[in-house]
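1. No letters, just coordinates:
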């Protein structure tokens, strides 16, 4: 048995190199990243997003073609954008941003960043809770639910949140090992469960699948009260659902451990197993649930998987929620810890885990997951553009990179202005032009690039004050 003292000593010994580059002897090979990405992206979100495509009336053709193209673009973003920057700097997003934008700005950004990660991890804890609650006959969340519907639900969420937080507190090594063990089994359950229920949908031979897919599963007709999704919705969502991780550069925290930038291509295990096969598989399970429940408003991944393949499906939902929540909590802990490097990362992660678990009690996090995922990627995207330009462009233009660090400033207003103007521009496109949130990331990135270059030119026209 661990004593309290020995456990604290072990946690204090966890070194995540929050304020320095990763040492050469701590770099990791392909296996760590294959497992991490497969585990994180073949996970709890897949039990929500796949069904929501069905609910929004994506057609079979639009779904398959949109997922293929969007996922390819996502992998390229992870490799050529995030992977290259992470290996070049070997530091976290938060430390790199502090050198560019200053401690005052980074504090605000990190609080926003950590809050968004907490909400995402909370949604995944809630997904796991829908499976844990099956033996206790817990009332399951409905599509219209916002608040917790029972004390049992809250207790179940807190039990899962505790386990998830403990794993994240031990750092990247344990998060990676957990994903490596869970990922291969989970994807097999996704595939097996989808195949197992096909006869109940009318598929008795391979040639039946595509007609049934078009007429019964992805009909192109949204459920009542849901908006219509087209090819463009599917493609841009597949590309930008993890915008915070790749274009927003949050995965610098993960890929800084990579021996080569090409390890960014390991994200393909996540997106093509998770954001292709698992989204399709979970969509099949949900379409069967709708068919057999006469379009019930219940939206609970646990019971849906359990009704299809029994106990294996329920366990898969539980583990799937953990494998997304674990690395997300890890990132949130790093974001908060970077505000004050003297804080122990495990203590920060413990606090973040508590906040996340509180958020998980509210089912609305799951019901609005598509919109939330798009929103949090959009909010974090402008600073990814700032880091990209700062590393690759400013010096070539005769401007000073890492401006805040070089001048000793607490606030680089060029970065702050870029964040503010980009988000206001995107909000304007949404409110006054009617551009949906799923499509705002691409024009927003180019606006961020232009604003940061112009603002840096103006800001650096005057002599640069060099700190003593």
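-> Structure's in. What do you need? All of these numbers come straight from a predicted model, not from anything done at the bench. Numbers count the residues shown, from 1 in each chain.
2. Which residues are in contact with residue 213?
-> With contact taken as C-beta atoms under 8 Å, 6 or more residues apart in numbering, residue 213 is in contact with residue 60. Bear in mind the C-beta positions are built from the backbone N, C-alpha and C, glycine included.
3. Give me the pLDDT value at it.
-> Residue 213 is assigned 95 on the pLDDT scale.
4. can you pull out the helices in the stretch 351-468 of the chain?
-> Taking DSSP state H, counting those that start in this stretch, the helices of the stretch 351-468 of the chain run over residues 364-367, 369-392, 403-407, 413-428, 441-459.
5. weakest of those by average pLDDT?
-> Ranked on mean pLDDT, the bottom entry among these is helix 364-367, at a mean of 73.
6. could you dump the helices of the stretch 351-468 of the chain to a markdown table with distance to residue 155?
-> Converted to a markdown table, the helices of the stretch 351-468 of the chain look like this (distance: least, C-beta to C-beta, whole Å):
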| stretch | distance to residue 155 |
| --- | --- |
| helix 364-367 | 18 |
| helix 369-392 | 23 |
| helix 403-407 | 46 |
| helix 413-428 | 38 |
| helix 441-459 | 38 |
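7. and residue 54, which of the ones you listed is closest to it?
-> Closest to residue 54 of the helices of the stretch 351-468 of the chain, according to C-beta to C-beta: helix 369-392, at 12.1 Å.
8. what angle do that closest one and helix 441-459 make?
-> 40 degrees (axes from the mean of the first three to the mean of the last three C-alpha atoms, to 10 degrees).
9. what comes up buried for helix 369-392?
-> Of the residues in helix 369-392, 369-370, 372-391 count as buried by neighbour count, 16 or more other C-beta atoms under 10 Å.
10. what's the answer for stretch 102-119, then?
-> Buried, per 16+ other C-beta under 10 Å, within stretch 102-119: 102-103, 105-107, 109-110, 113-119.
11. how about the nearest residue to the residue most central in space within the chain, chain neighbours excluded?
-> The residue lying closest to the centre of the chain (C-alpha atoms, centre = their mean) is residue 242, at 5.3 Å. The spatial neighbour of residue 242 that comes closest, neighbours along the chain excluded (C-beta to C-beta, 6 or more residues apart in numbering), is residue 74 at 6.3 Å.
12. Which elements pack onto the helix or strand the one you found falls within?
-> Using DSSP states H and E, residue 74 falls within helix 60-76. Applying 3 or more C-beta pairs under 8 Å, 6 or more residues apart in numbering; DSSP states H and E, one finds that helix 60-76 contacts helix 231-240, helix 267-272, helix 279-293.
13. Now do the end-to-end distance for stretch 352-370.
-> The stretch stretch 352-370 measures 23 Å between its terminal residues, going by C-alpha to C-alpha, to the nearest Å.
14. What are the buried residues along it?
-> By 16+ other C-beta under 10 Å, the buried positions in stretch 352-370 come out as 352-353, 355-357, 359-367, 369-370.
15. repeat for stretch 74-92
-> Result for stretch 74-92 [16+ other C-beta under 10 Å]: buried residues 74-79, 81-87, 89-92.
16. quick one: average confidence on that stretch?
-> The predicted model assigns stretch 74-92 a mean pLDDT of 94.
17. what do you get for stretch 34-51?
-> Rounded mean pLDDT across stretch 34-51 is 78.
18. Endpoints of that stretch, how far apart?
-> Start-to-end, stretch 34-51 (C-alpha to C-alpha) is 26 Å.
19. and it, how far from the chain's centre?
-> Relative to its chain's centre, stretch 34-51 lies at 9 Å (C-alpha atoms, centre = their mean, to the nearest Å).
20. Would you list the phi and psi of residue 362?
-> The phi/psi pair for residue 362 (degrees, to the nearest 10) reads phi -100, psi 110.
21. How about residue 219?
-> Torsion angles, degrees, to the nearest 10, at residue 219: phi -80, psi -20.
22. in the sheet, who's paired with it?
-> In this entry, residue 219 is beta-bridged to residue 59, by DSSP bridges.
23. got a list of what residue 83 touches?
-> By C-beta under 8 Å, 6+ apart, residue 83 lies in contact with 255, 258, 261-265.
24. Tell me the confidence at the residue nearest to it when sequence neighbours are not counted?
-> Nearest non-adjacent residue to residue 83, counting by C-beta to C-beta, 6+ apart: residue 264, 2.6 Å away. pLDDT recorded at residue 264 is 93.
25. now residue 264: how far from residue 125?
-> Separation of residue 264 from residue 125 (C-beta to C-beta, to the nearest Å) stands at 28 Å.
26. Verify the stated contact: residue 382 with residue 419.
-> Yes - using C-beta atoms under 8 Å, residue 382 is in contact with residue 419, at 4.8 Å.
27. Was I right to think residue 389 contacts residue 450?
-> No - using C-beta under 8 Å, residue 389 is not in contact with residue 450, being 9.6 Å away.
28. list residues touching both of the two?
-> With C-beta under 8 Å, 6+ apart, residue 389 and residue 450 have no common neighbours.
29. what sits up against stretch 426-434?
-> Taking C-beta under 8 Å, 6+ apart as the rule, stretch 426-434 contacts 378, 435-437, 440, 443-444, 447.
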